[in-house]
Structures are given as structure tokens and as C-alpha cells.
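Visitor: Structure, please.
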Amino acid sequence: MAVKISKDNVQLSSKRTRVAFRSHEGSWYLSCLEDESGRSLVTGSPTGSMWALRAKAEGKVVGTSSQGLSSRIRATGRSSFEMVWPAFMLSGSKCNAKLRLSLVESGFVSARLGVSCDPPLSLWEVDFPILEGLAAENATLYAPYGYGKAMRYEDATRYRGTYPSHHCTMQFLAWNIGPTNLYFGCHDRSASTKTLEFSSQPPTFRCTLPVAGMGEMAARYQVPHPAVLGAIPGDWYDVARFYRGWALRQPWCRAGPVASRPTPRAFRDVALWCCASGAPGEVVPKALQFLEYFEVPMALHWYVWHEIPFDDHYPEYFPAKEGFKEAVGKLGAAGILVMPYINARLWDPGTESWRHECAERDAAKDSDLKKYVEVYGSKVPLSPMCPATSAWSRKIRDIVTKLAGEYGVHGIYLDQIGAAAPKLCFDPAHGHPVGGGDWWVKGYRSMLEQVRREVRRINPEFFITTESNAEAWNDLLDALLMCNSTEGDLAPIYPAVYADRVLTFGAYIFRGDLEDSWAFRAKVSEMFLWGTQLGWLGFDVLEPKFQCEAEYLRALAKVRSSTKLLAEGELLRPPRPDPEVEVIEASWELWGKKWSVRLPAAQATVWRGSDRSVGVVACNMGNAEAHLKVELNTTGLGWTKARTIRMMESTELRSADPSLSGGGLSLTLHLPPRSGRCISSGTPRRRAVR
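Guide: Residues are numbered from 1 along each chain as shown. Coordinates of the predicted model:
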């Protein structure tokens, strides 16, 4: 790894990546980024920018970028250098920028930017890094949206997600070009608010950071993390595994693997969720019927257990509906875990509690110091609260401990924490830097720590969940609801990073999905294969007309219940689809948008258990028997030929007609219609009894 500097050219080169910069009329720009074979992933030009900033001057936002600004280069080591833009002017004020670049041991480029400006300018936002001129031919965008998305360049006109939220669950983008991926990472252990963006004209990656102390007379701003850029051979799975290598060392992974973290055993064993709303007299008998039919460990997500309407009068959840406490006890005695809904983010300004508790003081506020207002299906104006305020944390803690202590619920669903993007709060009385920074994540982390500590004094087996799968709170949440990830172009990027670190559950399953059987089967198949606890659907699945759908769901739920792999295992590289298997087309709809989904009728995923065993999980949603061929890369599994033969002869793999083929192990799983199966190298072969 080395840096080479000449008058008009700088190169950073490793075995993995080569990055070059050129000078044009005194201004340096990124000219190319190539992989180890010399394949061009980025081709820059003098009209492109590496960074941009916006600042406020006399109440107006003004901006500039690196494009065309005079800059100079200085080596700082064998594999590092810095680029400096000294004393450029913006709206009459002097500004400076310094970019430090180095090659790190992994062969990637690490880049850090600092900017400063003189009063009366005040920094507002910084865009860094910016990569313009991505190679576009036959390209695919990998984006951290929900489970993850793999969108062809022709379809990916724009992606924009603010982290941490459902729209941006992790801190990277990737750009696949044939056998290589351009990796664009923001390795920020503080999980500061940021927006990752792809735009197609020209193909560009960009990270935008609202500065901590927006609009204040801050003299300097240092981007709080390194940008990590480079080439990764392979596909989305290889990108996910690279990110995993960094992510497992971050604060949100400190709880360790699911197999050893303090997630309650009964909750870990849940195979199926039902979702209900209303009075105990309606919910309890149907939930018991649900359990009787499916015969697996299950949980109930209970909405509108309170007297107030949904999305109205928050957070005045008490009193509960008459008989709620007794209903929780009856369902718990039957083995059903009960998890009520509350919103951990919104307060209704029209409530008596808002006025009595002076809640406006603790609401998140915009740059004019006015509270934010959001309106959902109830049409009731609701205001997001600032998680940095102790009053809001106490409010949520008190609601949860009352539900656990007085009503005996087994867990709590804290809506919107993992789904909604941070609000930029400008109220200096809240004690956090105004605007951007890491305070939003810190505030919710503090809230969750308080809730967990207090509620587990009441019930050590209590569990906590939220909506969607933003990574920043993985260690403090027992499971993440994947309801918003029922769209097209999905890829299990998030499970490839975190499947063995935090549980996931559920998807939106509408009555229309049950009536269009392929839509239903595709959703539950995907959940099953990606390790998600199944269901999160209503009781209408038990109607006689949906018998076929209910039977398939029950078959998958029983397989999930029979193995620890899907709750505790690590998702390995998915095998290639069997070309002999029929491809099913289905239509999914969410929030008024439709997606066409194409999935093989029979498919499989591969998992490594906490005991280092390897299992194959497969399902067949088709109406005919399937003979699914699955190829395992034994070299990738770390198996020698002798060990592979031993696994073939003495474990469950024997039941899948195993044979050695080249550097792999070929299996054939015989799957009846609408069925699931799991076989594991950790389970001894069953021998016939004579």
C-alpha cells in the first residue's frame, strides 16, 4: 500500500483499490477509483465535487463546494496524504477545509474532512463524501432500506434515506458492476444523523450531515467519522459481510449474539405472531383459536387495548379497556405472550396532559422553535417529542412499568423508534447541540436503558420491540418489526449483517394477500427463509376459504419451531436458485404502490448455528412437489473433504441425496407442495429401528 504524488497527480494504491486525484487549474478532484483488476468504478471530472457545505449568513443559506476551489496536496506518510483548501471566501467570510486520506489495512481508503468558517457565517450542513461519475453499465444499487434493496440502475432513479430510520437502517451504500462492488461507507460509531443518497443524473453517491450546532457561530466542524471507500469482489452478500466486520465492534452489538444475550427464552422461541385490535371479549377467544390451530409458540400484538382511539390522545393510554388485565392473564396461562402497542415518539397537543404537564417544552422544535406536527390516518395533529429530554423518557418508562406491573403484559412495542427519521431539534433548553449530531440516538438509548432496567425488576422475562430495523438500538431491543419491508427488489442484506444479533418479526399481510394466494405465500416464504418470526396477521386467516394459506403458514411455523437456527443462527451466503424450479409471479401493494415480485416456488437459505453446525432451510410454496437442488460451498464453510464425507454419512444431510461435485456438496431436498424443511449437520442421521 502506497501513495504516489507528482505535480498534477496523486495515487493511493492497494491490492484491492486504486484511487487517483488530478489537478485542474489549481483545483484537485477525484479522477478515478478502480478495483484490483483495473475495472473503473468511478470516473470523475473537474466539474465534480468531493465535498460541499452550506452555511447561514444573515438568515439565508449559502453554499459552496470543492469544485474549482484552489487546493494543495501534502504527503503525511507512506500511505497517507492531506488535501487543503485554504482561505476560500463564502458570502464575504473566510473558510478553510482539510481532507485527510489514507489506506487502511483492509485496502480501503479512509477519508476524514474538517471545515471551518469565520463569523458571521454559521455552518449548517456538510456533504461528504460525494462520489460523482459512477460507472453505470449493467449496474445495481444496494441500499440499506428495510431488509435491503438491490435495484437495477435502470430502475433506481433515486434513493434517499435519513439514518437511523427504516429508509436507512445501516451506514453504507454499494454499487455493483459485474463481479465488483463500489463500497461507500460512513463508519460512524456515534450513529449521528445523516442522509445517504443516490441520484442517477449523473450517477452519484452523497452523504449529507446536518452539523451539531446548526446555525450557531461554530468556528469548526469535523465530520464525526471516516468515509470508507473501496472495491469489494462479489455481490450484496460480500458487501454485507464487510460491513458486518465493522458493525460487530460497535456499541449497538455489545449485547452479543442472540444465543447468549438476555433475550427471554420464551420470546426467542416464538414462531408466529397474530395482530389484533379491540376489546378483550373479541380478542381472547380468537387468539386462543389461533393457538389451537397453529400449535406453535406464539405472541399477540394488541392494538387499541385502551379506551382512546388509535393515533389520538397519546400518551393518555389509561384506563385500559375493561377486562384487559384478566385477558392478559388468561392468554399468558395458555402460553400466548401479550405485547401491547404504545407510541414512544408522539404526544397529542390537544390533550389535557399536554397542557397540564407543559409538554410543549419537551417537544422537538424546528429552526423557528415551533413544534413539529405530523398527521396520520386518524387526522389528529401529533407532535414528535425530543428524546433528549428527561421528561419524555420518564413518561414512556412510567407507561411501560405500569403495563408490566399492574397488567402483567409480557412485552411492549414502542412504535416508531426504529422507523421514523430523527427530527432536527433546535431548542437549546433541551441540553443537546441544536440540529444534527448524535444526540437523537443517545436520547433513545438512554430511554431504552431506563425502561429495560426498571421493567426487568418487575419481570426479568420482559421483552421490548419497535417498528423497523434501524441498527443503532439493536442491543437494547429484543426484536424489530419488519412490517414496512414488503416491497419489491428486496435482498436480505440486514439479516446477512445482523441475523444472529437481534430478532426480527412480521410483515404487513392484508386480506388482499390472503385472497391472492401467491402474494401471501411469497411473503411468508421470504420471512421464513430470512429468519423472521412469522405472521403478524389477523384472525381472518382461519376462515375456511383461506385453508390452503393457513396450512402453509402452519407448516412453516412448525419447522421454525423445531430449530434454533432461524432464531440464533448466522445467515450464510444464499445458494444459487435452482434453474429447474418454476418462478412464481406475485403482486404486493403497500401505501398505494404496487410491486411485481418474482420468486422461485422452492428455494433455500443456509445458516450457521451458535454451535457451529450448518443447516439448510427450505420451503416450497408451489402446488406440486419440488426436488430442490442446493449447492453448498464446502471451502467457504471451512470443511475439508474428509469432514464433508463424514457430514454426508452421519448427519441429517444424508436425507438430501448428498454428492460431492467439484469444490462443493450437492443436496436435493424433496419438498411436498406448500411445505418447509430444515436439515442440519448438527443433527445425527436417524437410523431405522429393527
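Visitor: CA atoms only for the helix or strand harbouring residue 526 - export them in CSV, please.
Guide: Following DSSP states H and E, one finds residue 526 within helix 517-529. Taking C-alpha atoms only, helix 517-529 is exported to CSV below (Å, rounded to 0.1, in the frame of the first residue of the first chain):
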residue,chain,number,x,y,z
SER,A,517,-52.7,-16.8,-2.6
TRP,A,518,-49.3,-16.2,-4.3
ALA,A,519,-48.9,-12.8,-2.7
PHE,A,520,-49.4,-14.4,0.7
ARG,A,521,-47.2,-17.4,0.1
ALA,A,522,-44.4,-15.2,-1.2
LYS,A,523,-44.5,-13.0,1.9
VAL,A,524,-44.4,-15.9,4.4
SER,A,525,-41.8,-17.8,2.4
GLU,A,526,-39.5,-14.7,2.4
MET,A,527,-40.0,-14.3,6.2
PHE,A,528,-39.3,-17.9,6.8
LEU,A,529,-36.1,-18.1,4.7
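Visitor: can you list contacts of the helix or strand following that helix?
Guide: Next in sequence after helix 517-529, counting helices and strands by DSSP H and E, comes strand 534-537. Defining contact as Cβ atoms under 8 Å, 6 or more residues apart in numbering, one finds that strand 534-537 is touched by 271-275, 298, 301, 481, 483, 505-509, 524, 527-528, 553, 556-557, 560. All C-beta atoms are positioned from the backbone trio N, CA, C, and that covers glycine.
Visitor: buried sites along strand 534-537?
Guide: 534, 535, 536, 537 (16 or more other Cβ atoms under 10 Å).
Visitor: distance between the very next helix or strand once past that strand and the chain's centre?
Guide: Sequence-wise, the next helix or strand downstream of strand 534-537 (DSSP H and E) is helix 547-561. Centroid separation for helix 547-561 versus its chain: 26 Å, with Cα atoms, centre = their mean, to the nearest Å.
Visitor: buried stuff in helix 547-561?
Guide: 549, 550, 552, 553, 554, 555, 556, 557, 559, 560, 561.
Visitor: Turn those residues into JSON lines, including pLDDT.
Guide: JSON lines is the format used below for the buried residues of helix 547-561 (pLDDT from 0 to 100):
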{"residue": "549", "pLDDT": "98"}
{"residue": "550", "pLDDT": "98"}
{"residue": "552", "pLDDT": "98"}
{"residue": "553", "pLDDT": "98"}
{"residue": "554", "pLDDT": "98"}
{"residue": "555", "pLDDT": "98"}
{"residue": "556", "pLDDT": "98"}
{"residue": "557", "pLDDT": "98"}
{"residue": "559", "pLDDT": "98"}
{"residue": "560", "pLDDT": "98"}
{"residue": "561", "pLDDT": "98"}
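Visitor: isn't residue 417 right up against residue 441?
Guide: No. With contact defined as Cβ atoms under 8 Å, residue 417 does not count as touching residue 441 (10.1 Å).
Visitor: Give the rounded mean pLDDT of stretch 262-273.
Guide: Averaging pLDDT along stretch 262-273 yields 97.
Visitor: Likewise for stretch 437-456?
Guide: Stretch 437-456 comes out at a mean pLDDT of 98.
Visitor: Residues in contact with it: which ones?
Guide: With Cβ under 8 Å, 6+ apart, stretch 437-456 has contacts from 164, 190-193, 210-213, 224, 344, 386-389, 392-394, 396-397, 400-401, 404, 412, 414, 417, 422-423, 425, 432-433, 462, 464, 472-473, 476-477.
Visitor: Go ahead and build a ChimeraX selection from the buried members of the residues you listed.
Guide: Provided next is the ChimeraX selection string for whichever of the contacts of stretch 437-456 are buried by 16+ other Cβ under 10 Å:
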select :164,191,192,193,210,211,212,213,224,344,386,387,388,389,392,393,396,397,400,401,404,412,414,417,422,423,425,432,433,462,464,472,473,476,477
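Visitor: In helices, which of the contacts of stretch 437-456 fall?
Guide: 392, 393, 394, 396, 397, 400, 401, 404 (DSSP state H).
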